[in-house]
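Visitor: need coordinates for the following:
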Amino acid sequence: MTVTVPGPTLGVVGGGQLGRMLAEAAAPLGVEVVVLDPTPECPASPVARDQIVGDFDDPDAFRELAARVDALTFEIELADAELLDDVAAAFDLSVNPAPETLSMIEDKLVQKRALDEAGVPVPPFRRVDDADDLRAALDEFGSVMLKARTGGYDGRGNVPVTDPDDAEEAMAAVGGPAMAETFVDFERELSVIAVQGEGEIRTFPAGENVHEEEILRETILPARTTDEVLSRAEGVARDVLDTLSGRGVFGIELFETADGSISVNEIAPRPHNSGHWTIEGARTSQFEQHVRAVLGWPLGSTRLRCPTVMANVLGTVDEPRPARLGNAEAVLGDEDASLHWYGKEEVRPLRKMGHLTVTGNGAGDDHVPRDLLAHARDVRDALTFE
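Guide: Residues are numbered from 1 along each chain as shown. Modelled structure (predicted):
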């Protein structure tokens, strides 16, 4: 393989914060990025080479994108897999991860069935089309997490259900065909950012995720668990990659139970929020890895530089209003903290507006210092929306 710099132009379907950070990571490699997104002046537009304004299922916009780039990828599961396949064939382009992988992952029921059939450990689940199906799932599993089969993110589309009398209300909340998964009494949630390259696989160390109201708040590295569990999590993540096609970064969310067993919660066929720590905390960020992987370039090191905590900066307002972050000096004046602002024009309640990372000292430390998580939370809590 011969790699030249400046390199090719990469087309990205989706121009949100993930597209923005992909473009930031691509630039030092000499790779230009063109994004397709329906929102004019989307978050990625200030750092990408250009933006095509169009819906994620707009054939004309897809063809315009394909005509301007050398390879295609996506940063959102709303990308139309069939259109990606069609334009890739018409313009003789590679598209990674493969459209069939996107089709499998975007439907949570199809995803779980594929993993189960491959022998990857997953919580017991069943298809739910109506309230009667949900009541049957409650009879079988007891408490369940009801999940919309498509379109859910950041906890949206997920409804915990314990009482059969709530079945109709829960089905209305998810708004369509769903999947019921037995409620997992997990010790902690882990995530492994795994990278499928051209003939090589790399995995980042597993992070520990802290959620509140079904929204990721912090990711902690190293995860506060045993080496045996970490090894098991990596093994399961590699087994997951065997079920997927195409190159790129995959965010693999895992449950660790009290006995140390691991099962798969969900997969994202793209860089993932729980991998944002890699920008400061790893030798090569997940975003650079994704660019390298989809272009078929050699992958970088996934080594942990030092203990790291990533904290999401969420909208703390009561109603939408123009986005303006106040007291940013709380991060900028802290020598251990780094700020990433996503450039969204409007702040909304609990909307992801940015993130910060706080790094510790000593890459050889076995555990995250107890105060590193508290430090990250204190810095984040000092931020305001004006």
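
Visitor: where along this structure do the helices fall?
Guide: Using DSSP state H, the helices of the chain run over residues 17-26, 59-68, 81-90, 99-106, 108-117, 131-141, 167-174, 227-241, 278-281, 286-294, 329-332, 370-381.

Visitor: so which of the ones you listed gets nearest residue 202?
Guide: Taking Cβ to Cβ, helix 286-294 is the member of the helices of the chain nearest to residue 202, at 7.1 Å. Any C-beta I mention is one placed from the backbone N, CA and C, and that applies to glycine too.

Visitor: only alpha carbons, please: show the closest one as CSV.
Guide: Coordinates of each C-alpha in helix 286-294 appear next as CSV, following Å, rounded to 0.1, in the frame of the first residue of the first chain:
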residue,chain,number,x,y,z
GLN,A,286,-11.1,7.3,17.2
PHE,A,287,-11.7,9.9,14.6
GLU,A,288,-8.3,9.6,13.0
GLN,A,289,-8.7,5.8,13.2
HIS,A,290,-12.0,6.0,11.3
VAL,A,291,-10.5,8.1,8.6
ARG,A,292,-7.5,5.8,8.2
ALA,A,293,-9.7,2.7,8.3
VAL,A,294,-12.3,3.8,5.7
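
Visitor: residue 325 contacts residue 385, doesn't it?
Guide: Yes. Between residue 325 and residue 385 there is a contact at 6.5 Å, judged by Cβ atoms under 8 Å.

Visitor: can I get the helices of the chain in TSV including distance to residue 206 and mean neighbour count?
Guide: Converted to TSV, these look like this (distance: least, Cβ to Cβ, whole Å; neighbours: other Cβ atoms under 10 Å):
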stretch	distance to residue 206	mean neighbour count
helix 17-26	20	26
helix 59-68	34	18
helix 81-90	28	17
helix 99-106	20	20
helix 108-117	18	18
helix 131-141	27	17
helix 167-174	29	17
helix 227-241	5	17
helix 278-281	12	24
helix 286-294	13	27
helix 329-332	26	16
helix 370-381	16	17
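
Visitor: any idea which of those has the lowest pLDDT on average?
Guide: The weakest mean pLDDT among the helices of the chain belongs to helix 370-381, with a mean of 91.

Visitor: residues in contact with that one: which ones?
Guide: Under the contact criterion Cβ atoms under 8 Å, 6 or more residues apart in numbering, helix 370-381 has outside partners 210, 218, 220, 307, 309-313, 330-331, 334, 336-337, 356-358, 360.

Visitor: ok, which of the helices of the chain comes nearest residue 187?
Guide: Closest to residue 187 of those is helix 227-241 (Cβ to Cβ; 8.9 Å).

Visitor: dump the residue contacts of residue 87.
Guide: With Cβ under 8 Å, 6+ apart, residue 87 has these contacts: 62-63, 65-66, 72, 93.

Visitor: which one of these is nearest to residue 116?
Guide: The closest of these, once distances to residue 116 are taken by Cβ to Cβ, is residue 72, at 29.9 Å.

Visitor: what's near enough to touch the nearest residue to that closest one once chain neighbours are set aside?
Guide: Counting by Cβ to Cβ, 6 or more residues apart in numbering, residue 95 is the residue found nearest to residue 72 once chain neighbours are left out, at 4.2 Å. For residue 95, the contacting residues are 71-73, 84-85, 88, 246, by Cβ under 8 Å, 6+ apart.

Visitor: returning to that earlier point: now list whatever residues contact both of residue 325 and residue 385.
Guide: Contacts common to residue 325 and residue 385, judged by Cβ under 8 Å, 6+ apart, are residue 353.

Visitor: and the gap between residue 146 and residue 278?
Guide: 32 Å (Cβ to Cβ, to the nearest Å).

Visitor: before we move on, the earlier item: now do the residue nearest to residue 72, the pLDDT please.
Guide: 98.

Visitor: next, work out how far apart it and residue 68 are.
Guide: Relative to residue 68, and taking Cβ to Cβ, residue 95 is found at 14 Å.

Visitor: residue 222 now?
Guide: Residue 222 is 42 Å from residue 68, by Cβ to Cβ.

Visitor: please apply the same query to residue 219.
Guide: When residue 219 is compared with residue 68 (using Cβ to Cβ), they lie 35 Å apart.

Visitor: let me know the pLDDT of residue 12.
Guide: Listed pLDDT for residue 12 reads 98.

Visitor: same question for the one 4 residues further on.
Guide: At residue 16, the pLDDT value in this model is 97.

Visitor: and it, how many neighbours?
Guide: Residue 16: 19 surrounding residues under other Cβ atoms under 10 Å.

Visitor: from residue 298, how far out is the residue nearest to it when sequence neighbours are not counted?
Guide: With sequence-adjacent residues excluded and distances taken as Cβ to Cβ, 6+ apart, residue 16 is closest to residue 43, at 5.5 Å. Residue 43 sits at a distance of 29 Å from residue 298 (criterion: Cβ to Cβ).

Visitor: these two: which is more packed in?
Guide: Per other Cβ under 10 Å, whichever of residue 43 and residue 298 has more neighbours is residue 43, with 23 against 12.

Visitor: so what's the residue lying closest to residue 133 once chain neighbours are set aside up against?
Guide: The spatial neighbour of residue 133 that comes closest, neighbours along the chain excluded (Cβ to Cβ, 6+ apart), is residue 127 at 7.0 Å. The contact partners of residue 127, by Cβ under 8 Å, 6+ apart, come to 109, 133, 177, 179.

Visitor: surely the third one and residue 134 touch.
Guide: No. Because the distance of 11.5 Å does not satisfy Cβ under 8 Å, residue 177 is recorded as not touching residue 134.

Visitor: now for residue 215, how many residues are close by?
Guide: 16.
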